[in-house]
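Peer 1: Structure here, sequence nowhere to be found:
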């Protein structure tokens with residue numbers, strides 16, 4: 001398995017966190033990969049290795065969880081349709097080592113897109129937007145209908161909208177026909193996104209597969225304004241994503257980490273801490289979370 005090399009300008013090691021200083025230019029392509037800083041607990045978390053990065057980019061505060069998946073290590077959509085709770089509790093109780101909020105909430109406290117866990121369909125969803133799936137050979141981001149048709153042995157899957165990177169190209173600037181001129185969804189907002197490197201999608205389990213789970217704080221003035229989708233696509237490309245999609249954001253955007261007290265922690269939470277600053281000033285209940293599990 002080839003190593004993924006981190007090329008980072010202006011890095012400072014802060015306990016369990018890689019911080020890219022605000023002075024680092026966008027052109028420096030800040031990366032957050034398991035070869036940058038590894039956090040490993042072989043006794044409790046089965047040796048799961050991942051990195052947490054924090055940096056300021058395009059006027060916003062960014063948090064990145066990067067993990068090499070394979071074997072039992074994967075990203076799971078936690079939650080139960082019909083119930084909502086705080087993301088931190090959901091991830092902690094589910095056994096995740098770190099994670100974020102997940103898909104958009106649909107009527108009846110379900111998800112808007114199809115949702116699979118451990119090979120079983122948890123929710124059918126009310127639309128088929130973009131999706132992230134794993135099937136034992138790799139991880140994929142793309143149109144839900146095509147991916148579920150092409151990968152019938154999906155183990156885990158959850159959705160989002162819109163896709164912001166497609167085959168290494170920023171598609172965040174593409175405007176859907178129903179956008180409308182005054183829909184705040186398209187403005188600069190807090191965002192959560194997930195992306196995969198090209199090697200994840202070649203169907204070869206021997207190829208290194210790194211997944212990026214990202215939060216962007218927003219609606220907080222000079223501290224962090226949030227981003228529109230073209231900027232989100234640019235960010236995911238700079239991290240190294242070949243394909244990436246947006247998930248639920250706004251007041252739901254949140255990143256949680258189990259145990260540890262890195263200096264980037266913003267507030268305590270069950271089993272660990274919240275790494276970002278939710279725009280409402282506190283956690284919002286959600287139906288689904290995306291968690292990294294060993």
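Peer 2: Here it is on my side, so go on. Note that the coordinates shown come from a computational prediction; the quantities given were computed from them, not determined experimentally. Numbering: from 1, shown residues only.

Peer 1: What distance do you get for residue 61 to residue 218?
Peer 2: According to CB to CB, to the nearest Å, residue 61 and residue 218 sit 9 Å apart. C-beta here means a position set from N, CA and C on the backbone, and glycine is covered the same way.

Peer 1: what residues are shared contacts of these two?
Peer 2: residue 224 (CB atoms under 8 Å, 6 or more residues apart in numbering).

Peer 1: could you pull out the helices for the stretch 151-294 of the chain?
Peer 2: Per DSSP state H, counting those that start in this stretch, the stretch 151-294 of the chain carries helices over the ranges 229-239.

Peer 1: Likewise for the stretch 1-150 of the chain?
Peer 2: Listed in chain order, the helices of the stretch 1-150 of the chain (DSSP H, counting those that start in this stretch) span 87-94, 144-150.

Peer 1: ranking those by burial, who's on top?
Peer 2: For the helices of the stretch 1-150 of the chain, the largest average neighbour count (mean count of other CB atoms under 10 Å) is found in helix 87-94, namely a mean of 22.

Peer 1: Buried ones in stretch 64-81, by neighbour count?
Peer 2: Buried residues in stretch 64-81, counted by 16 or more other CB atoms under 10 Å: 64-70, 73-79, 81.

Peer 1: what's the most distant pair in those residues?
Peer 2: 68 and 81 (30.3 Å; CB to CB).

Peer 1: Give me the residue ranges of the protein where confidence is low.
Peer 2: Applying pLDDT under 70 to the chain flags the ranges 1-47, 175-182, 260-263.

Peer 1: can we see that at 90?
Peer 2: 1-58, 66-68, 70-72, 127-129, 173-184, 206, 208, 258-265, 294 (pLDDT under 90).

Peer 1: Give the bridge partners for the residue nearest the centre of it, please.
Peer 2: The chain has residue 213 as the residue nearest its centroid, 2.4 Å off, counting by CA atoms, centre = their mean. Taking DSSP bridges as the rule, residue 213 bridges to residue 65, residue 194.

Peer 1: Correct me if wrong: it contacts residue 69.
Peer 2: No: applying CB atoms under 8 Å as the test, residue 213 and residue 69 come out as separate, 11.0 Å apart.

Peer 1: Spit out the residues that contact the two alike.
Peer 2: residue 75.

Peer 1: Tell me, how many residues neighbour residue 209?
Peer 2: Close neighbours of residue 209, defined as other CB atoms under 10 Å, add up to 26.

Peer 1: That one and residue 292: what is the separation?
Peer 2: For residue 209, the distance to residue 292 - CB to CB - is 13 Å.

Peer 1: can you pull out the strands in the stretch 51-200 of the chain?
Peer 2: 60-68, 74-78, 85-86, 98-101, 105-106, 110-111, 115-117, 120-123, 130-134, 139-143, 156-160, 163-166, 169-170, 191-196 (DSSP state E, counting those that start in this stretch).

Peer 1: From the contact counts, what lies against the longest one?
Peer 2: This means strand 60-68. When contacts are defined as 3 or more CB pairs under 8 Å, 6 or more residues apart in numbering; DSSP states H and E, strand 60-68 sits against strand 50-57, strand 98-101, strand 210-216, helix 229-239, strand 255-258.

Peer 1: can you redo the ones you listed as a markdown table with distance to residue 288?
Peer 2: Output for the helices and strands packed on strand 60-68, formatted as a markdown table (distance: least, CB to CB, whole Å):
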| stretch | distance to residue 288 |
| --- | --- |
| strand 50-57 | 20 |
| strand 98-101 | 8 |
| strand 210-216 | 13 |
| helix 229-239 | 20 |
| strand 255-258 | 14 |
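
Peer 1: Of all these, which one is nearest residue 223?
Peer 2: Here strand 50-57 is closest among the helices and strands packed on strand 60-68 (CB to CB), at 9.4 Å.

Peer 1: for that closest one, packing partners?
Peer 2: Contacts defined by 3+ CB pairs under 8 Å, 6+ apart place strand 50-57 against strand 17-20, strand 60-68.

Peer 1: the inter-axis angle of the last one versus strand 74-78?
Peer 2: What it means is strand 60-68. Interaxial angle of strand 60-68 relative to strand 74-78 (axes from the mean of the first three to the mean of the last three CA atoms, to 10 degrees): 120 degrees.

Peer 1: How far off centre is strand 60-68?
Peer 2: 8 Å (CA atoms, centre = their mean, to the nearest Å).
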